[in-house]
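Student: dropping the sequence and predicted coords here.
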Amino acid sequence: VDGTVAAAGSGGAAAVSATGVAGEAAPSLAALATTVTPDGDLQGVAAATCPAPTSDAWLLGGATDAGASTRLVLVNTGSTAAEVGVEVLTEDGVEQPAAGQGVTVPAGQRTELLVEGLVSGAEALAVHVTSTGGSVAPSLVVTRLAGLVPRGVEVVAPAAAPALAQVVPGVATEGRSTAVLRLAVPGSEPADVEWDVLADDAGAEVAADLSAGAAVPAGTVVDVPLGGLPAGSAAVAIRSDVPVVASVVLERLSGAQEAGPADLAVAPATDPLSVGAALALPAAAAGLTSAVLLTNASEELATLSLAAVAPDGARADAVEVDLAPRATARAPASLLDGAAGLLVTDVDAPGATTAADGGEDGPSGGVHAALVLSAGAPAGAVAVAVPSAVPAAAGSTPVLVAAPGRWP
């Protein structure tokens, strides 16, 4: 993109389009919406990157039990109406609620569904969205309360498609944090799932002892606590005998009390980075601290080249980052300083396949990235965002969905 645009205010969704030279696909397009709410029921940080419209998406996050609210947002930026069907996996099995079938999203508009109106009393959700006639950009807006105590807000982006291997980057366990691995099995066969924790240098020794596994019944979603995670930066690499979808749900306490205020972040499984992938960074006025976590899921050394993009669109020289096998590291802080975004200009990583181009096996390697945002007020506030999709066609319209609370 030849420039960057910053905006502030309230609203629902904004469509962003870009066209490259001679009407070809824009080489890269990324966007980020953030909210920082220092107090009240919605206190915390939430972030949404730019999901490209799709006809099939999985979103792993949220709940509909006491104190939880999960809202499914569907945005149609196309020129034809989309008819959407919603399938929900819970810990008790698959549900296809009548109110979630044949949902029309008119061209150029958005539709919202309260998931608790479709499925009640669920402690964990995996929401499968399919559409015909047109594509939609889906997201989940999640809020949690424990009585009058705020327990987190987040916008959940689509996860990588069901596959035998998944990688969840962006597991940042600084401060008083807990993490839960959420696994969903879409098919009719149960899954035997195993996982490893890929940590940074400081946590590598502890992470080596955290490999574990679980049996997940067919058509269900389960939450598995990730106890013992070292403080710092990590990812979870997952293997299964049948296709699964995955995310990690992070919770950070604002103070010393376990029952006190907390914030919520959801890190979805991602596809490996490819040339043209990009991360938009929050504006300085947002008052957020940014860290880009990079995970090499392969058994060999990987090299990634990143170029910082300034607010005026100027691109700096690319910086080469070497990533140790089966490990996580932070992108150099100097790359982020004063930048409006990061652009992937080169990737040399074994096994960089996706469920789309590698069958149902999914990513057995490659480099994966996530942006972790934190705020000083409220203490413990955290959000996780993933790279925006590379535009597939000229004029493609990734969509930003406004997060809960107030825009900075």
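Tutor: Structure's in. What do you need?

Student: ok, which stretches of the stretch 201-350 of the chain are helices?
Tutor: 204-207, 333-336 (DSSP state H, counting those that start in this stretch).

Student: most packed of these?
Tutor: Of all the helices of the stretch 201-350 of the chain, helix 204-207 has the most neighbours on average by mean count of other Cβ atoms under 10 Å, namely a mean of 17. For the C-beta atoms, the positions are set from N, CA and C on the backbone; glycine is no exception.

Student: name the SS class of the residue nearest to Val142 when sequence neighbours are not counted, please.
Tutor: In this structure, Val142 finds its nearest non-sequential neighbour in Gly62, 4.2 Å apart by Cβ to Cβ, 6 or more residues apart in numbering. Classification of Gly62 using DSSP: H, G, I helix; E, B strand; the rest coil returns coil.

Student: repeat that for the one 3 residues further on.
Tutor: When states are read from three-state DSSP, the local structure at Asp65 comes out as coil.

Student: and it, how many residues sit next to it?
Tutor: Asp65: 13 surrounding residues under other Cβ atoms under 10 Å.

Student: identify the residues contacting it.
Tutor: Gly121, Ala122, Glu123 (Cβ atoms under 8 Å, 6 or more residues apart in numbering).

Student: can I have the buried ones of the residues you listed as a ChimeraX selection?
Tutor: Buried residues among the contacts of Asp65 (16 or more other Cβ atoms under 10 Å), as a ChimeraX selection:
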select :122
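
Student: any buried residues in stretch 70-87, and which?
Tutor: Along stretch 70-87, these residues count as buried under the neighbour rule (16+ other Cβ under 10 Å): 70-78, 81-82, 84, 86-87.

Student: so which of these are in strands?
Tutor: Among the buried residues of stretch 70-87, the members falling in strands (DSSP state E) are Thr70, Arg71, Leu72, Val73, Leu74, Val75, Asn76, Ala82, Val84, Val86, Glu87.

Student: list just the nearest of those residues to Ala340.
Tutor: Proximity of these to Ala340 was ranked by Cβ to Cβ; the top entry is Val75 with 23.5 Å.

Student: isn't that closest one right up against Arg110?
Tutor: Yes - at 4.5 Å, Val75 counts as touching Arg110 under the criterion of Cβ atoms under 8 Å.

Student: burial measure for the residue nearest to Val142, as a count.
Tutor: The tally of other residues near Gly62 (other Cβ under 10 Å) stands at 28.

Student: please apply the same query to Asp56.
Tutor: Residues near Asp56, counting by other Cβ under 10 Å, number 13.

Student: Glu116 belongs to a helix, doesn't it?
Tutor: Yes - counting by three-state DSSP, Glu116 is found in a helix.

Student: just checking, it touches Gly67?
Tutor: No - Glu116 lies out of contact with Gly67 (Cβ under 8 Å); the separation is 10.8 Å.

Student: show me where the stretch 251-400 of the chain dips below the pLDDT cut-off.
Tutor: Scanning the stretch 251-400 of the chain for pLDDT under 70 picks out 352-364, 390-398, 400.

Student: please, where are all the strands along it?
Tutor: All strands of the stretch 251-400 of the chain, identified by DSSP state E, counting those that start in this stretch, fall at 262-268, 278-280, 288-296, 302-309, 319-323, 327-330, 341-348, 367-375, 382-385, 399-401.

Student: just the stretch 101-250 of the chain next, same as before
Tutor: 103-105, 109-114, 126-132, 137-146, 149-156, 163-172, 177-184, 191-199, 212-216, 221-225, 233-253.

Student: could you list the alpha-carbon positions for the fifth one in PDB?
Tutor: Taking C-alpha atoms only, strand 149-156 is exported to PDB below (Å, rounded to 0.1, in the frame of the first residue of the first chain):
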ATOM      1  CA  VAL A 149     -16.400  -7.600  38.100                       C
ATOM      2  CA  PRO A 150     -15.200  -7.100  34.500                       C
ATOM      3  CA  ARG A 151     -13.400 -10.200  33.300                       C
ATOM      4  CA  GLY A 152     -12.400  -9.300  29.700                       C
ATOM      5  CA  VAL A 153     -13.200  -8.200  26.200                       C
ATOM      6  CA  GLU A 154     -11.900  -9.400  22.900                       C
ATOM      7  CA  VAL A 155     -12.600  -9.600  19.200                       C
ATOM      8  CA  VAL A 156     -12.000 -13.100  17.900                       C
END
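
Student: can you list the strands that it pairs with?
Tutor: According to DSSP bridges, strand 149-156 forms sheet pairs with strand 137-146 (antiparallel).

Student: how about the longest one?
Tutor: As defined by DSSP bridges, the strand partners of strand 233-253 come to strand 163-172 (antiparallel), strand 177-184 (antiparallel), strand 191-199 (antiparallel), strand 262-268 (antiparallel).

Student: now do the first one
Tutor: Each strand pairing with strand 103-105, determined using DSSP bridges, is listed with its direction: strand 82-90 (antiparallel).

Student: got the CA positions of the strand it pairs with in PDB?
Tutor: Extracted C-alpha coordinates of strand 82-90, given in PDB (Å, rounded to 0.1, in the frame of the first residue of the first chain):
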ATOM      1  CA  ALA A  82     -25.100 -13.600   1.300                       C
ATOM      2  CA  GLU A  83     -27.100 -16.300   2.900                       C
ATOM      3  CA  VAL A  84     -25.300 -17.600   6.000                       C
ATOM      4  CA  GLY A  85     -25.600 -20.800   8.000                       C
ATOM      5  CA  VAL A  86     -24.200 -21.000  11.600                       C
ATOM      6  CA  GLU A  87     -23.100 -24.200  13.200                       C
ATOM      7  CA  VAL A  88     -22.000 -24.200  16.900                       C
ATOM      8  CA  LEU A  89     -19.800 -26.700  18.600                       C
ATOM      9  CA  THR A  90     -20.000 -26.800  22.400                       C
END
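
Student: what's the spacing between it and its chain's center?
Tutor: 19 Å (Cα atoms, centre = their mean, to the nearest Å).

Student: mind listing residues that contact the following helix or strand past that strand?
Tutor: Downstream of strand 82-90, the first helix or strand assigned by DSSP states H and E is strand 93-95. For strand 93-95, the surrounding residues in contact (Cβ under 8 Å, 6+ apart) are Glu87, Val88, Leu89, Leu118, Val119, Pro217, Gly219, Thr220.

Student: report the two of those separated the most.
Tutor: Pairwise over those, using Cβ to Cβ, the maximum falls at Leu118 and Pro217, 20.9 Å.
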